[in-house]
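K.L.:
Have a look; sequence and predicted model below, questions after that.
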Amino acid sequence: MAAYVLAIDLGTSGPKVGLVAMDGTVLRCAVASTALHLSEGGGAEQDPEDWWSAIGEACAELRASEPAAMDGVVAVSCTAQWSGTVATDADGKPLRRALIWMDSRGAPQIKKLTDGLIKMSGYSVGKLMRWIRVTGGAPGQSGKDPIAHILYLKEMEPEVYEKAHQLLEPKDWLNHRLSGRFAASYDSIALLWVTDNRDLSKVAYHEGLLRDSGIAREKLPPLVAADAVLGLVTAEAARFLSIPTSAVVVGGTPDMQSAALGAGPVDDYASHIYIGTSSWIGCHVPFKKTDLLHNIASLPSAKPGRYFVAATQECAGVCVSRFLDQVLYPDDGLAAAPRPKDAYERFFAAAKSVTPGSERLLFLPWLYGERAPVEDHTLRGGFLNVQLGTTRGHMSRAILEGVAYNNRWLLGHVEKFIKQPVDRLSIIGGGARSSTWCQIFADVLGRPIVRLGEPLEANVRGAALLAACAIGARRWEDPVATLPTDARFEPNLAHKPIYDEMYAAFLDAHRRNRPLLAKLNGRAA
């Protein structure tokens, strides 16, 4: 019987579960959806039980379509949205909904934590130097890191914090549900900013940083490598997922790191761009480094002995989905028609019909603040230079171009960080399915964009390859299954003048509007 990994990829919109062979070949995937709960003041939450139920739905679909492959599952590997917090009791049951990567309510607590007499960029110089020296980074001022979530709970919901037996990343909560074991991997724990990451072979909690944070050590899980085997899947989880009880659960890795494993080459500096709800540009590197001013750092990766760099953009594909759901087809009784099944196809067709530059209509994609290359939870987006002749086509294309402008901003700082040019980028994620968007990225970034076959399955592929190495079915240096290139998009030099002009306007719009947005959204300019 052929052996497979059940790879679980928990995204913000819901899980994707894949059956993947040991060489990285994806047999089949199933998806399900989960709700996102936004609230005033920067709240962003999801129910972990919804995650689990949706994973069960996806596994039921796989069992119905691929029963033999489900019987051949020998390992389960999770990858998930990063920078979230699940507070659990001693049995792993959530005490409340999870605070996810978008939640910024902990910003005031982070401001207190990072304060000091002598400050640089809002940080006490002494505290900052130790954070950077030990961890490779520092808590983000936006309040979206797990350390901010936990400090928010400690101050604002003390009953939850006191009851919490463990405070877990989403991936690590799933692993407990699968194996019954509390653990965090070296890479998933990194954004808590309390681990010593200077030696990747022995990442450990740092007593001084724990003491300064005020977070109780006993509420944090033991640490393991991403390729550690946590144990067998529990009988209850095996029944729920319809897989054998002999399957093992591996440590797994957050979504950014699994994407780096599944996006193509895993060599140092081989770069990819991910376009999903959010967006990032990432690659593996052999060094630990920090660019605090632009919120870029190299942190532990899932690949042994390597760090991972990712410059993250908060909103990418979600700009498209929100435009469809809240502007074109809102469920408010006023829309001319409900959202059609081919809404995305219509959106991209409308965007393609408009000339590059969208007749100088500019879209700012900061719908929920920003992480990099500026970290600012008060930034907000919108359209600039709307005219009487502006159509939904202009707005559609401007959204795609605005996301690309922000990624161009990111790319420049990534290249400075790694001290070498990125000559091409692989593109993965849901946004990669649009050839129109891929060409816009090539034109705006001025780099060839290579779309891999099955761009939506990079994360499950990466999680599965990690599991295959963990159980000894392959080695890191072994070649993986040939991943076909679906298309290559070369920059169109005829579009360079308009995109250079609009990119300069994009940067100017940030500079000019930042003080006003800070004032409007709760922070003094």
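P.N.:
Alright, I've got the coordinates. Numbering: from 1, shown residues only.

K.L.:
And the next helix or strand past the helix or strand in which residue 212 is found?
P.N.:
Under the criterion of DSSP states H and E, residue 212 resides in helix 207-213. Helices and strands here follow DSSP H and E; after helix 207-213, the next one along the chain is strand 223-224.

K.L.:
so what secondary structure elements neighbour that following strand?
P.N.:
With contacts defined as 3 or more C-beta pairs under 8 Å, 6 or more residues apart in numbering; DSSP states H and E, the packing partners of strand 223-224 are strand 184-185. Using the backbone N, CA and C atoms, a C-beta is placed for each residue, glycine as well.

K.L.:
in the stretch 351-500 of the chain, which ranges drop under the pLDDT threshold?
P.N.:
479-482 (pLDDT under 70).

K.L.:
in it, which spans are strands?
P.N.:
Assigned strands in the stretch 351-500 of the chain, in chain order: 362-364, 382-384, 425-428, 449-452, 485-489 (criterion: DSSP state E, counting those that start in this stretch).

K.L.:
Most tightly packed of the ones you listed?
P.N.:
With neighbours taken as mean count of other C-beta atoms under 10 Å, the strands of the stretch 351-500 of the chain reach their highest mean count in strand 425-428, at a mean of 25.

K.L.:
In its sheet, which strands sit next to that one, and in what direction?
P.N.:
Looking at strand 425-428 with DSSP bridges, its paired strands and their directions are strand 272-275 (parallel), strand 449-452 (parallel).

K.L.:
who's in contact with the last one?
P.N.:
With C-beta atoms under 8 Å, 6 or more residues apart in numbering as the test, strand 449-452 has contacts from 263-264, 273, 424-428, 432, 435, 438-439, 441-442, 458, 483-489.

K.L.:
Show me the shaky parts of this structure.
P.N.:
In the predicted model, the chain carries pLDDT under 70 at residues 335-336, 479-482, 523-525.

K.L.:
Next one: the closest residue to residue 461 other than its chain neighbours from residue 190, what distance?
P.N.:
Closest residue to residue 461 in three dimensions, ignoring its sequence neighbours and counting by C-beta to C-beta, 6 or more residues apart in numbering: residue 262, at 3.6 Å. Spatial separation of residue 262 from residue 190 under the definition C-beta to C-beta, to the nearest Å is 20 Å.

K.L.:
quick one, which of those two is more surrounded?
P.N.:
Neighbour count, other C-beta atoms under 10 Å: between residue 262 and residue 190, residue 262 has more, with 32 against 29.

K.L.:
Strands along the stretch 201-350 of the chain, start to end?
P.N.:
204-205, 223-224, 229-232, 248-250, 253-254, 272-275, 279-285, 290-291, 296-300, 307-313.

K.L.:
Tell me the buried residues in the longest helix anywhere in the chain?
P.N.:
Secondary structure of the chain read by DSSP state H shows that its longest helix is helix 392-418. Within helix 392-418, the residues that qualify as buried are 393-411, 413-414, 417-418, counting by 16 or more other C-beta atoms under 10 Å.

K.L.:
What ranges does the stretch 401-525 of the chain have for its helices?
P.N.:
Taking DSSP state H, counting those that start in this stretch as the criterion, the stretch 401-525 of the chain carries its helices at 435-445, 458-470, 496-520.

K.L.:
out of these, nearest to residue 25?
P.N.:
helix 458-470 (8.6 Å; C-beta to C-beta).

K.L.:
all helices of the stretch 51-200 of the chain, in order?
P.N.:
Using DSSP H, counting those that start in this stretch, the helices of the stretch 51-200 of the chain run over residues 67-71, 107-114, 125-135, 146-156, 158-163, 170-179.

K.L.:
Show me the one of those that comes nearest residue 217.
P.N.:
Nearest of the helices of the stretch 51-200 of the chain (C-beta to C-beta): helix 146-156, 12.3 Å.

K.L.:
got the buried residues for that closest one?
P.N.:
Taking 16+ other C-beta under 10 Å as the basis for neighbour counts, the residues of helix 146-156 that come out buried are 146, 147, 148, 149, 150, 151, 152, 153, 154.

K.L.:
Return the distance of the third one relative to residue 262.
P.N.:
Using C-beta to C-beta, residue 148 is found at 29 Å from residue 262.

K.L.:
Against residue 351, how distant is residue 393?
P.N.:
Separation of residue 393 from residue 351 (C-beta to C-beta) stands at 7 Å.

K.L.:
hmm, I was thinking of residue 7
P.N.:
If you go by C-beta to C-beta, the gap between residue 7 and residue 351 works out to 32 Å.

K.L.:
I'd like the distance between the residue located most distally from the centre of the chain and residue 323.
P.N.:
Residue farthest from the centre of the chain, counting by C-alpha atoms, centre = their mean, is residue 388 at 37.4 Å. Taking C-beta to C-beta as the measure, residue 388 and residue 323 are separated by 20 Å.

K.L.:
Hmm, residue 92 and residue 167 touching each other?
P.N.:
No - counting by C-beta atoms under 8 Å, no contact exists between residue 167 and residue 92, whose distance comes to 11.9 Å.

K.L.:
picking up where we left off before, tell me how far the longest helix of the chain lies from the chain's centre.
P.N.:
Between the centre of helix 392-418 and the centre of its chain there are 17 Å (C-alpha atoms, centre = their mean, to the nearest Å).

K.L.:
Measure how that helix sits relative to helix 496-520, angle-wise.
P.N.:
Put simply, helix 392-418 runs at 90 degrees to helix 496-520, going by axes from the mean of the first three to the mean of the last three C-alpha atoms, to 10 degrees.

K.L.:
picking up where we left off before, buried deepest among the helices of the stretch 51-200 of the chain, which one?
P.N.:
Each of the helices of the stretch 51-200 of the chain was assessed for mean neighbour count using mean count of other C-beta under 10 Å. The highest is helix 170-179, with a mean of 27.

K.L.:
Render the CA-only coordinates of that one in PDB, please.
P.N.:
Coordinates of the C-alpha atoms in helix 170-179 are reproduced here as PDB (Å, rounded to 0.1, in the frame of the first residue of the first chain):
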ATOM      1  CA  PRO A 170      -2.900  27.700  16.200                       C
ATOM      2  CA  LYS A 171      -0.700  25.000  14.700                       C
ATOM      3  CA  ASP A 172       0.400  23.800  18.100                       C
ATOM      4  CA  TRP A 173      -3.200  23.700  19.400                       C
ATOM      5  CA  LEU A 174      -4.100  21.400  16.400                       C
ATOM      6  CA  ASN A 175      -1.100  19.200  17.300                       C
ATOM      7  CA  HIS A 176      -2.500  18.800  20.800                       C
ATOM      8  CA  ARG A 177      -5.900  17.900  19.400                       C
ATOM      9  CA  LEU A 178      -4.200  15.300  17.200                       C
ATOM     10  CA  SER A 179      -1.600  13.800  19.600                       C
END
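
K.L.:
got the angle between that helix and helix 458-470?
P.N.:
Using the same axes, to 10 degrees: helix 170-179 against helix 458-470 is 50 degrees.
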